[in-house]
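Colleague: Only the shape, not the letters, is given here:
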């Protein structure tokens, strides 16, 4: 019986598939050569202000970005927290292939390797503020993990190592955070058993094992958890990797500008705040299989990003000291929708958000490319931004009650570029005042009918934890290099660790510095 | 006739050494595109119904690959990524079509619909319409397994679910499709 169904299915799908006989070319030659120069880094320094200064300066954020001026602000960080033995990091730790590598910040050399305990693979590692004590999670199998700790000597050698007498519950540990003195761990836990729902966030006392759990009724995993020095404030994100691109540039000249291309790329934004969800349109997941969707982006968080509800938001963001770049001239259509765009337009078109590509679709032009004039007189182009991961961040005050789904959410926004879109990773400053995120965009261009990647921008941005508004761009890179994928802030709040697939670096008040280039594969996590 | 361009290379089973991202990356991505874009576009068409959306879905998947290629140097992983991206992008297309019209825009009717210029016949139309009445994951599992002819293991990797879930989902999907087509009591 099923054979017949399969036969009919194959016959029909093949007949449909065969209506396509050829595909348009993909011209990756348009992708700019990845340069190794530091042009972007040098330019970035112009408005680089340390996290600590950003935290110390009172800024008005109601209208968008307020640029914290560097001057007068001391580097005394950790406002409002007890000063502990936080020190400038000498070492950082990374997980590669299930093992932990300890590397010297000074020269990048590996000072120690902590192999996964027998039969286990390290999946998470975090540093305490003294940069000597570290906590890690190793996975025995999909359902069982264990906590470990190790301490480093002055040369970066492992002085001692041990396993905590407490284990996470059954499930998969999806993220790990530690407070300043190492007395508390926070971790995300997702069920590993098909048929069971409910991701949770757990805060555990490392001395007693006493735990408190915030349980979710949803399946979206708790990711990128980070904890303030005092262990009171937690930030995290929900759900999985978002694959998707904005499709502004993928328009066909033959169709109206509000036609389908935009539809192709809504990222799998998952677990957006409840207020933004429109669950009626996301109920495609069959009841019997929803519970095991732990790896795929979930539908249960709704698909309409918050920015849809406030379309004017990003257009109100004043430009900080960003230089006006040629990109602005390449997207004049944006001016019609970014009403408040002033003469000092940011280098990237205002009003563009990766989750909001349709903002421009109402511009009545039959040819999306016709209104643009490239600076060099080249082919007409339109520009769009790739987006990747959700900008929704949950902020948990551990002093409050309620379930995980009741936690306050903020939406990172108001950056110098379109409403922050491709947020790769987040972390919390020790004082609990700022969310530092690595964000990235790709610029797409449609040149003579073909979509091309025309550039990329990556930034390290500090956001106010209360409002989600950007207060500081710490670093900006326009070299089109591989994206900044991981970020961590040290115990002093002055040193931001950033990881690219090919390079690990730090951002401080002095600017960006390469710590070492990658020679061992992509780091799954990095901390100091 | 067969979706030969979707054939998966066997997984190498070990780390693959790949030259640094440079000219080699473009070559690899171009190679993947040349080899798989047609099959993926057909797959996307089956999912979203109209060719233009299908082409966009695939283009975006490859642009995404370009963006992240450093993390996906392993060719097998890159292929899994593009396939997963095609599924995700197709999903987004379908989801957005359920939204208010100014957002969703306009799009051509499915190629299997009566309005379409592509003549497929009543029986095939019934199958395609039934396929699209299935829950999303059942539909994806069926198309990956029986159109793209991926193995259960390959399907599991693309859908990021367990092999057992692929098996059970596929089984349920076949039952449901059979019922919709009146093949079972």
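Modeller: That came through fine. If you're wondering where the values come from, they're calculated on a predicted model, not measured in any experiment. Residues are numbered from 1 along each chain as shown, chains lettered A, B, ... in the order given.

Colleague: Every contact and neighbour count from this point should use C-alpha atoms.
Modeller: OK.

Colleague: what's the least confident helix or strand in chain B, going by average pLDDT?
Modeller: helix B:101-104 (a mean of 37; mean pLDDT, DSSP states H and E).

Colleague: so does the longest helix seen in chain A get close to chain B?
Modeller: Longest helix in chain A, counting residues (DSSP state H): helix A:2-17. Yes: using C-alpha under 8 Å from any C-alpha of the partner chain, helix A:2-17 reaches chain B at A:2, A:5-6, A:8-17.

Colleague: who does that helix touch, helix- and strand-wise?
Modeller: helix B:23-48, helix B:122-131, helix B:163-180 (3 or more C-alpha pairs under 8 Å, 6 or more residues apart in numbering or on different chains; DSSP states H and E).

Colleague: Flag the shaky bits of the stretch 101-250 of chain A, pLDDT-wise.
Modeller: Where the stretch 101-250 of chain A drops to pLDDT under 70, the residues are A:193-197, A:219, A:239-250.

Colleague: Show the residue spans covered by the strands in it.
Modeller: In the stretch 101-250 of chain A, the strands defined using DSSP state E, counting those that start in this stretch lie at A:110-114, A:121-127, A:133-139, A:145-152, A:158-163, A:172-178, A:184-190, A:200-205, A:211-215, A:222-227, A:233-238.

Colleague: Look up phi and psi at residue A:164.
Modeller: Main-chain torsions, residue A:164, degrees, to the nearest 10: phi -70, psi 150.

Colleague: Now do the contacts for it.
Modeller: A:146, A:147, A:148, A:149, A:206 (C-alpha atoms under 8 Å, 6 or more residues apart in numbering or on different chains).

Colleague: Now these in a markdown table, please, with extra columns for distance to chain B and neighbour count.
Modeller: Listed next are the contacts of residue A:164 as a markdown table, based on distance: C-alpha to the nearest C-alpha, whole Å; neighbours: other C-alpha atoms under 10 Å in any protein chain shown:
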| residue | distance to chain B | neighbour count |
| --- | --- | --- |
| A:146 | 23 | 21 |
| A:147 | 26 | 21 |
| A:148 | 27 | 20 |
| A:149 | 28 | 18 |
| A:206 | 33 | 19 |
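
Colleague: Tell me the one of the residues you listed nearest residue B:164?
Modeller: Among the contacts of residue A:164, residue A:146 lies closest to residue B:164 (C-alpha to C-alpha), at 26.1 Å.

Colleague: Report the beta-bridge partners for the closest one.
Modeller: Assessed by DSSP bridges, residue A:146 has beta-bridge partners residue A:138.

Colleague: cool, and residue A:94?
Modeller: Counting by DSSP bridges, residue A:94 is bridged to residue A:101, residue A:526.

Colleague: hang on, the earlier thing: I'd like to know which of the contacts of residue A:164 is nearest to residue A:231.
Modeller: For the contacts of residue A:164, the nearest to residue A:231 is residue A:206 (12.0 Å; C-alpha to C-alpha).

Colleague: my read: that closest one touches residue A:185, true?
Modeller: Yes: using C-alpha atoms under 8 Å, residue A:206 is in contact with residue A:185, at 6.6 Å.

Colleague: got the end-to-end distance for stretch A:474-484?
Modeller: Stretch A:474-484 has an end-to-end distance of 13 Å (C-alpha to C-alpha, to the nearest Å).

Colleague: Can you report how many residues neighbour residue 144?
Modeller: As the question left the chain open, I've gone with chain A. When neighbours are counted by other C-alpha atoms under 10 Å in any protein chain shown, residue A:144 registers 17.

Colleague: Sorry, I should have been clearer: chain B.
Modeller: Using other C-alpha under 10 Å, residue B:144 has 24 neighbouring residues.

Colleague: Helix, strand or coil: sort out the closest residue to it other than its chain neighbours for me.
Modeller: Using C-alpha to C-alpha, 6 or more residues apart in numbering or on different chains and skipping the chain neighbours, the partner closest in space to residue B:144 is residue B:150 (5.7 Å). Here residue B:150 is recorded as coil under DSSP: H, G, I helix; E, B strand; the rest coil.

Colleague: Give me the number of neighbouring residues for residue B:150.
Modeller: 19.

Colleague: list the contacts for residue A:516?
Modeller: Residue A:516 neighbours (C-alpha under 8 Å, 6+ apart): A:107, A:108, A:503, A:504, A:505.

Colleague: among the residues you listed, which ones are buried?
Modeller: Buried members of these, counted by 16 or more other C-alpha atoms under 10 Å in any protein chain shown: A:108, A:503, A:504, A:505.

Colleague: possible to save the helices and strands packed on helix A:2-17 as CSV with mean pLDDT and distance to chain A?
Modeller: Putting those into CSV (pLDDT from 0 to 100; distance: least, C-alpha to the nearest C-alpha, whole Å) gives the following:
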stretch, mean pLDDT, distance to chain A
helix B:23-48, 85, 4
helix B:122-131, 90, 5
helix B:163-180, 94, 6
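
Colleague: Turn the contacts of residue A:516 into JSON lines, including distance to chain B.
Modeller: JSON lines is the format used below for the contacts of residue A:516 (distance: C-alpha to the nearest C-alpha, whole Å):
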{"residue": "A:107", "distance to chain B": "22"}
{"residue": "A:108", "distance to chain B": "20"}
{"residue": "A:503", "distance to chain B": "11"}
{"residue": "A:504", "distance to chain B": "14"}
{"residue": "A:505", "distance to chain B": "17"}
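
Colleague: Just flag the most distant two among those residues.
Modeller: Checked with C-alpha to C-alpha, these reach their widest spread between A:107 and A:503, with 13.0 Å between them.

Colleague: Mind listing the shared neighbours of those two?
Modeller: Any residue near both residue A:107 and residue A:503 by C-alpha under 8 Å, 6+ apart counts here, and that gives A:515, A:516.

Colleague: What about residue A:165, how many residues nearby?
Modeller: Here the number of neighbours of residue A:165 (other C-alpha under 10 Å) works out to 12.

Colleague: who touches it in this structure?
Modeller: So residue A:165 contacts residue A:209 (C-alpha under 8 Å, 6+ apart).

Colleague: residues in contact with residue B:54?
Modeller: Applying C-alpha under 8 Å, 6+ apart to residue B:54 gives the contacts B:41, B:42, B:44, B:45, B:48, B:90.

Colleague: Most neighbours out of those, which is it?
Modeller: residue B:42 (33 neighbours).

Colleague: If I look at the residue nearest to that residue when sequence neighbours are not counted, what pLDDT would I see?
Modeller: In this structure, residue B:42 finds its nearest non-sequential neighbour in residue A:17, 4.3 Å apart by C-alpha to C-alpha, 6+ apart. Here, the pLDDT recorded for residue A:17 equals 91.

Colleague: hang on, residue A:17 packs against residue B:49?
Modeller: No: judged on C-alpha under 8 Å, residue A:17 makes no contact with residue B:49 at a distance of 9.9 Å.
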